[in-house]
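Enquirer: Following is a predicted model, sequence given first.
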Amino acid sequence: MADLFDTPSQAPDPQGTAPRPLADRLRPRKLSDVIGQAQVLGPEAPLGVMLASGSLSSLVFWGPPGVGKTTIARLLAQETDLHFVQISAIFSGVAELKKVFEAARMRRANGRGTLLFVDEIHRFNKAQQDSFLPHMEDGTILLVGATTENPSFELNAALLSRAQVLVLERLSMAELEALTTRAEGELGKKLPLDTSAREALQEMADGDGRALLNLVEQVAAWTVAQPLDREALAARLMRRATKYDKSGDEHYNLISALHKSVRGSDPDAALYWLSRMLTGGEDPRYLARRITRMAIEDIGLADPQAQSICLHAWEIYERLGSPEGELALAQAVIYLSLAPKSNGGYMGYNAAMRLAKKSGSEPPPKHILNAPTSLMKEQGYGKGYAYDHDAEDAFSGQNYFPDGLERPELYQPVERGFERELKKRLEYFAKLRLQRSAEE
């Protein structure tokens with residue numbers, strides 16, 4: 001199946017009667033016909049350089065559906081005079097792979113190379129992925145894999161070390177417009193849409209060229225008295241579901257965008273990414289937990305109320321459910337975005353964890369240990385302990401770290417929000433500690 005389409009293909013219909021979908025009729029016939037992906041196809045881009053030097057290596061195309069992965073692989077085989085073989089990891093097993101490798105071996109013995117295109121390559125297990133390696137190394141096949149999932153997580157390191165990963169991007173609105181124009185040329189007529197509706201149609205495709213051509217083919221078949229506007233188009237066509245995999249890359253990409261927007265004090269961006277995740281079907285409870293985490297990590301004691309607001313928003317969602325409860329999450333996101341930021345508590349905790357692991361099993365100093373038995377008293381437990389409430393300013397300045405451990409500075413508050421007051425207190429107690437130490 002083609003992924004990206006441009007100049008009409010002249011491949012004959014073997015039956016002579018079956019109608020060919022627009023997407024198939026607009027399949028590019030050469031790489032220069034492909035719309036988009038200049039970052040990999042341009043003269044100075046990876047594939048442009050490889051083709052110019054006559055040295056094509058194994059590749060992994062990583063990108064969303066409908067951006068040209070299959071089409072580019074087919075055209076690469078054409079331009080390098082390699083025999084093109086396409087399989088899908090969804091439907092192929094070990095037996096079929098053996099047949100493909102054997103046929104490629106025989107073809108190579110007769111002087112012809114093979115470009116093996118593997119769609120959804122991430123669906124092969126480790127053993128199946130490993131089976132490609134010897135055939136890649138001895139030149140039996142030139143592998144081109146396609147995946148919508150992050151290759152770093154889904155493909156073996158051994159396979160990745162033998163292939164170059166190229167990222168294919170969703171088509172821009174300008175590229176979708178170019179594709180629409182070429183489709184109209186193939187159809188021999190303009191779409192019955194005004195400018196706003198034409199833009200809406202391209203938005204519905206969501207960067208997917210194949211999806212756009214399917215929509216164009218539907219709209220072109222309509223008979224209308226006058227061009228449709230955006231509202232009329234929306235009444236006739238359902239918007240495509242947003243691409244969102246709650247366990248895949250989009251999940252992690254969007255939660256990262258939400259977290260960084262909050263950290264960057266941008267409530268508009270934070271609301272946008274929150275809404276993107278909710279419309280994609282994300283569990284609001286997951287978002288409630290992550291929003292609370294943001295309050296702890298990035299705001300902390302600069303605004304202690306932030307954590308309470310997040311917990312209350314979480315509770316409100318549990319009581320109201322969707323969609324009303326989601327408004328509480330949105331309000332929490334706005335509050336966090338505008339709250340003063342500090343990672344002082346977070347960094348102090350991490351520093352303390354590192355020190356705890358480094359110092360091992362060092363015991364507390366004996367003067368702060370309880371001595372409920374006479375034996376413990378004889379061992380010096382509790383001896384010399386100063387009860388802080390009896391001291392001036394209710395501060396004794398005693399050491400509470402293990403003996404021999406140099407006093408660290410783990411918590412370092414910032415000059416923002418409530419932590420500004422905490423910093424003053426910290427400096428005050430440090431000054432008193434020096435005074436008490438000098439008095440001893």
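Expert: In hand now; what should we look at? Residues are numbered from 1 along each chain as shown.

Enquirer: Quickly find the element holding the residue minimising distance to the centre of the chain.
Expert: Note on the chain: the residue nearest the mean C-alpha position is residue 253, at 2.6 Å, using C-alpha atoms, centre = their mean. Assigned by DSSP states H and E, residue 253 belongs to helix 249-263.

Enquirer: Could you give the separation of that helix from the chain centroid?
Expert: Relative to its parent chain, helix 249-263 has a centroid offset of 8 Å by C-alpha atoms, centre = their mean, to the nearest Å.

Enquirer: now the residue nearest to residue 137 when sequence neighbours are not counted: how far from residue 103?
Expert: Distances taken as C-beta to C-beta, 6 or more residues apart in numbering put residue 162 closest to residue 137, at 7.1 Å, once the chain neighbours are dropped. C-beta: built from backbone N, CA, C; applies to glycine. Counting by C-beta to C-beta, to the nearest Å, the gap from residue 162 to residue 103 is 21 Å.

Enquirer: next one: residue 298
Expert: From residue 298 across to residue 103, the span is 56 Å (C-beta to C-beta).

Enquirer: For these two, indicate the residue with more neighbours.
Expert: residue 298 (21 against 15; other C-beta atoms under 10 Å).

Enquirer: Does the more buried one touch residue 264 like I think?
Expert: No. Counting by C-beta atoms under 8 Å, residue 298 sits too far from residue 264 to count as a contact (9.6 Å).

Enquirer: What is the burial count for residue 96?
Expert: Using other C-beta under 10 Å, residue 96 has 12 neighbouring residues.

Enquirer: Which residue, other than its chain neighbours, is closest to it?
Expert: Distance criterion C-beta to C-beta, 6+ apart; nearest residue to residue 96, sequence neighbours excluded, is residue 87 at 6.7 Å.

Enquirer: Which helix or strand contains the one you found?
Expert: In this structure, residue 87 sits in strand 83-88 according to DSSP H and E.

Enquirer: quick one on the thing from earlier: please name the residues that touch the residue nearest to residue 137.
Expert: 58, 133, 136-137, 143 (C-beta atoms under 8 Å, 6 or more residues apart in numbering).

Enquirer: repeat that for 7 Å
Expert: Contact partners of residue 162, counting by C-beta atoms under 7 Å, 6 or more residues apart in numbering, are 58, 133, 136.

Enquirer: And for residue 140?
Expert: By C-beta under 7 Å, 6+ apart, the residues touching residue 140 are 101, 104-105, 108.

Enquirer: Try it again at 6 Å.
Expert: Contacts of residue 140 were listed using C-beta atoms under 6 Å, 6 or more residues apart in numbering, and they are 104-105, 108.

Enquirer: and the residues you listed, which are buried?
Expert: Buried members of the contacts of residue 140, scored by 16 or more other C-beta atoms under 10 Å, are 104, 108.

Enquirer: Quick one: the contacts of residue 140 as CSV, columns for secondary structure too.
Expert: Below are the contacts of residue 140 laid out as CSV (DSSP: H, G, I helix; E, B strand; the rest coil):
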residue, secondary structure
104, helix
105, helix
108, helix
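
Enquirer: Pick the one among the contacts of residue 140 closest to residue 308.
Expert: For those, the closest approach to residue 308 (C-beta to C-beta) belongs to residue 104, at 64.1 Å.

Enquirer: what about the closest residue to residue 347 other than its chain neighbours, which SS state?
Expert: Spatial nearest neighbour of residue 347, chain neighbours left out: residue 412 (7.2 Å); criterion: C-beta to C-beta, 6+ apart. Following three-state DSSP, residue 412 is assigned to coil.

Enquirer: Mind splitting this structure into its structural domains?
Expert: Split into domains by automatic domain parsing, the chain comes to 37-167, 174-236, 249-338, 359-439.

Enquirer: Understood, closing this out.
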